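Need coordinates for the following:
(chains A and B)
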Amino acid sequence: MMGNIVLSKVKKSFGPVTVIPQVDLDIADGEFVVFVGPSGCGKSTLLRLIAGLEDTTSGSIMIDGRDVTDEAPAKRKLAMVFQSYALYPHMTVAKNIAFPLRMAGESADVIDKKVKDAARVLNLTNYLERRPGQLSGGQRQRVAIGRAIVRQPTAFLFDEPLSNLDAALRGTMRLEISELHQQLKTTMIYVTHDQVEAMTMADKIVVLNAGNIEQVGSPMELYQTPKNLFVAGFIGSPKMNFIEGAAAAKQGAKTVGIRPEHIAISTTAGDWRGKVGVAEHLGSDTFIHVQTEEHGTINVRAGGDVVVRNGDSVYLTPDVKRLHRFGSDGNFMRPHAGFHLAD
Amino acid sequence: MTDTVAPRLRSVANGAKSSCFALSERQREALTGYLFILPLFLGAAVLFFYPILRSFELSFMQTGVFKGETFVGLKHYRHLMDDPKMWQAMVNSMIYALVGLLEVPLAIFFASLLNTPGLRFLSFYRVLFFLPVVTMPTAVGMVWQLLYNVDYGPINQGLALAGFPPVSWLTQPVIVIVAVAAVGIWSGLGQSIILILSGLQTVPPDLHEAAEMDGAGPLQRFFRITLPMISPTIFLVAVLNVIKSLQVFDLIYIMVGPKNPVFDQAQTIVTYFFEVGFVEHDRGYAAAIVISLLAMIMMVTGLQFYLQKKWVHYG
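Predicted structure coming up:
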């Protein structure tokens, strides 16, 4: 079963409020696509439009060449995993997983086999007779995934599925979903506001802002060549440093950006002088917030062995090859020869 | 009690740590809790426990208007077993309660309509359905008496238009119970709708969406997701409804009344209790009737609680 999804001029308005002005997107079969963006940017709405849980105001949605714009959700052959898991609390795990199969009129033998297969893949065999209320968050998430995979859908839709889990479990489940994708090779569309999830899981990231697609590309494309200030600021953690004013103007740009990991820190010499505000020691890394005279607060990502304290005088030196220039429209500008930020 | 508790209370109030009366944190918490429920407990003791105990005591006594109370043991309970009027009243009460249970599916139906997404004038409809609940039963009974009138009541006129013969709604033994129970449904429906509606509104929309994605149609979603999800509310409404029905008095008394030739065949347990206790002034026997009613309500409710294990889902 293929899983090619094409969105053409898709618009969504709720009354007078337009949430998605116009979106065009092509998702190839088997791709793991992540919709990422800040809260309220329309990523969940876009997913729900694909699912059929919301009607499009205009435009069309094609799945495997078939126009499904006006089709009911069940007919689109998609499966969705909800943020809240949306498990039926009055049914056992087995009945939850079997529910879509029963709705499809499958025979009892087929249902039994598929439920057991899904439970085995998701390590749920011992929990089949339990109710969702008797499961941990991770197990519930697995049941939700199980309910999705038994249908053998054209594509999986995930709406912030890990946001209710603690950090450790989120990491584990992230890996499990990625492994599941490699195993099933089915198209997956995954909505998150967590850029770590986006960067680690996606074949292709779609960055959304106010209902518009800002950039579509692989995680490294977005990291290395962000198309505009929004993408540059959104992708990467800690955030890219932006410098405006005379220093940027000298480079023929309105704004120049430099990622925290592309700035060297020294206690003896460098391009910019500043004082350490806060140093966050994470073990492997140290995030240092330096108050500079020229450019305000600059965030630096240094190695875990760097020892600096609040109030220490330090010098910062940006890696000029890694500078990003943005014009007055906020869009990326190609670097010119002799590009240099410091005087 | 004063001797032992008062100093402890003072010690709690003063925060003193006397070696004799020092309370542990747990004891202090418990004492505070008991003090909070004390007013309610006193109220319940005066208004509920005492009347129940007194009725229970009276049910073993022979009383009269000018007589004192004489202990007669189980005489009244034996009499209950042989009293055809009591059996008739019990059967009528059960019929009334069973017919009254129709209120539950009706409430589910109307509440589901009111729960339609984007429904306009919801508050207006709520008021409309709730209005009979806050209307005086006397007024309700009188208006329905007119509606049920054999000769000029609009219900029989409607039947006549449809080619049916007139029905003596309030003067035929079994029909009268069903007719009054229908009024009971009409006047109590609003409350049940409000309860069911609140249950419906607690069903997470995600569940409906997940079911929709899973291929469930509107009816399948309603029967497989919505109903099980609101089953605790349905159970509550059913229990309250049966208790209310078994205690019916006002509608029967107003719509049928002692002067109606069919009244004896239409009596419920409470109207019979009223007749024995306040017309015949046999308070001892009336107390036995009311204790029997209490036992009956407890048995029926107990049965409902036993059966709910099979169909109520608490998630």
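
where exactly do the strands run in the stretch 51-200 of chain B?
B:61-62, B:70-71 (DSSP state E, counting those that start in this stretch).

In TSV: those, plus mean pLDDT, distance to residue B:207 and mean neighbour count.
In this view, the C-beta of every residue, glycine as well, is placed from N, C-alpha and C. Below are the strands of the stretch 51-200 of chain B laid out as TSV (pLDDT from 0 to 100; distance: least, Cβ to Cβ, whole Å; neighbours: other Cβ atoms under 10 Å in any protein chain shown):
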stretch	mean pLDDT	distance to residue B:207	mean neighbour count
strand B:61-62	94	57	19
strand B:70-71	92	60	10
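
can you tell which of these is closest to chain A?
For chain A, the closest of the strands of the stretch 51-200 of chain B is strand B:61-62, at 50.5 Å, according to Cβ to the nearest Cβ.

Report the secondary structure element holding the residue nearest the centre of chain A.
For chain A, residue A:198 is the residue whose C-alpha lies nearest the centre (Cα atoms, centre = their mean; 3.0 Å). Here residue A:198, judged by DSSP states H and E, is contained in helix A:195-201.

any idea whether residue A:308 is helix, strand or coil?
coil (DSSP: H, G, I helix; E, B strand; the rest coil).

From residue A:263, how far off is it?
Distance of residue A:308 to residue A:263, computed by Cβ to Cβ, to the nearest Å: 13 Å.

and what of residue A:70?
52 Å.

returning to that earlier point: which one's more surrounded, residue A:308 and residue A:263?
More neighbours surround residue A:263 than the other of residue A:308 and residue A:263, with 23 against 19 (other Cβ atoms under 10 Å in any protein chain shown).

Tell me how the chain divides into domains.
Using chain A here. Recorded structural domains for chain A (assignment: automatic domain parsing) are A:5-229, A:254-333.

You answered for a different chain; I wanted chain B.
Using automatic domain parsing, chain B is parsed into the domains B:2-48, B:75-311.

Please tabulate those in TSV and include mean neighbour count and mean pLDDT as additional columns.
Formatted as TSV, the domains of chain B follow (neighbours: other Cβ atoms under 10 Å in any protein chain shown; pLDDT from 0 to 100):
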stretch	mean neighbour count	mean pLDDT
domain B:2-48	11	75
domain B:75-311	17	94
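
how about those domains, which one is nearest residue A:325?
domain B:75-311 (44.7 Å; Cβ to Cβ).

that older thread, select, out of the domains of chain B, the one closest to chain A.
Comparing the domains of chain B against chain A with Cβ to the nearest Cβ, the closest turns out to be domain B:75-311 (3.7 Å).

Might you calculate how far stretch A:324-333 sits from the centre of the chain?
Distance of stretch A:324-333 from its chain centroid, counting by Cα atoms, centre = their mean, to the nearest Å, is 23 Å.

now do the same end-to-end measure for that stretch.
8 Å (Cα to Cα, to the nearest Å).

still on that earlier bit, residues contacting the residue nearest to the centre of chain A?
Shown in contact with residue A:198 (Cβ atoms under 8 Å, 6 or more residues apart in numbering or on different chains): A:34, A:36, A:192, A:205, A:219, A:235.

do residue B:171 as well
Residue B:171 neighbours (Cβ under 8 Å, 6+ apart): B:150, B:260-262.

So residue B:134 versus residue B:109, what's the distance?
From residue B:134 over to residue B:109 (counting by Cβ to Cβ), the distance is 22 Å.

no no, residue A:97
Per Cβ to Cβ, residue A:97 is found 32 Å from residue B:109.

quick revisit: which of the contacts of residue A:198 has the most neighbours?
residue A:205 (30 neighbours).

What residues does that residue make contact with?
A:33-34, A:36, A:198-199, A:215-219, A:222, A:235.

Just give me the residue right at the centre of chain B.
Central residue of chain B (Cα atoms, centre = their mean): residue B:244, at 2.2 Å.

and that residue, what does it touch?
B:100, B:184, B:188 are the contacts of residue B:244 under Cβ under 8 Å, 6+ apart.

Mind doing that once more with 7 Å?
residue B:188 (Cβ atoms under 7 Å, 6 or more residues apart in numbering or on different chains).

again, but for residue B:249
Residue B:249 neighbours (Cβ under 7 Å, 6+ apart): B:270-271, B:274.

if we go to 6 Å?
By Cβ atoms under 6 Å, 6 or more residues apart in numbering or on different chains, the residues touching residue B:249 are B:270-271.

From residue A:302, how far out is it?
Relative to residue A:302, and taking Cβ to Cβ, residue B:249 is found at 83 Å.

Tell me if stretch A:137-157 is near chain B.
No: counting by Cβ under 6 Å from any Cβ of the partner chain, chain B is not contacted by stretch A:137-157; separation bottoms out at 7.2 Å.

Show me how far that stretch is from its chain's centre.
Counting by Cα atoms, centre = their mean, stretch A:137-157 comes out at 19 Å from the chain centroid.

again, but for stretch B:211-219
Taking mean C-alpha positions (Cα atoms, centre = their mean), stretch B:211-219 and its chain are 36 Å apart.

What is the end-to-end distance of that stretch?
Start-to-end span of stretch B:211-219 (Cα to Cα) is 11 Å.

Also stretch B:253-263?
Start-to-end, stretch B:253-263 (Cα to Cα) is 9 Å.

what residue ranges in chain A score low on pLDDT?
For chain A, applying pLDDT under 70 flags the ranges A:1, A:335-343.

interface residues of it facing chain B?
A:53, A:73-74, A:80, A:82, A:84, A:86, A:89-90, A:99-100, A:103-104, A:133.

give me that answer again for 8 Å
Counting by Cβ under 8 Å from any Cβ of the partner chain, the residues of chain A close to chain B are A:51, A:53, A:72-74, A:78-80, A:82-84, A:86-90, A:99-100, A:103-104, A:131, A:133, A:147, A:151.

so residue B:247 makes contact with residue B:270?
Yes: with contact defined as Cβ atoms under 8 Å, residue B:247 reaches residue B:270; the gap is 5.7 Å.
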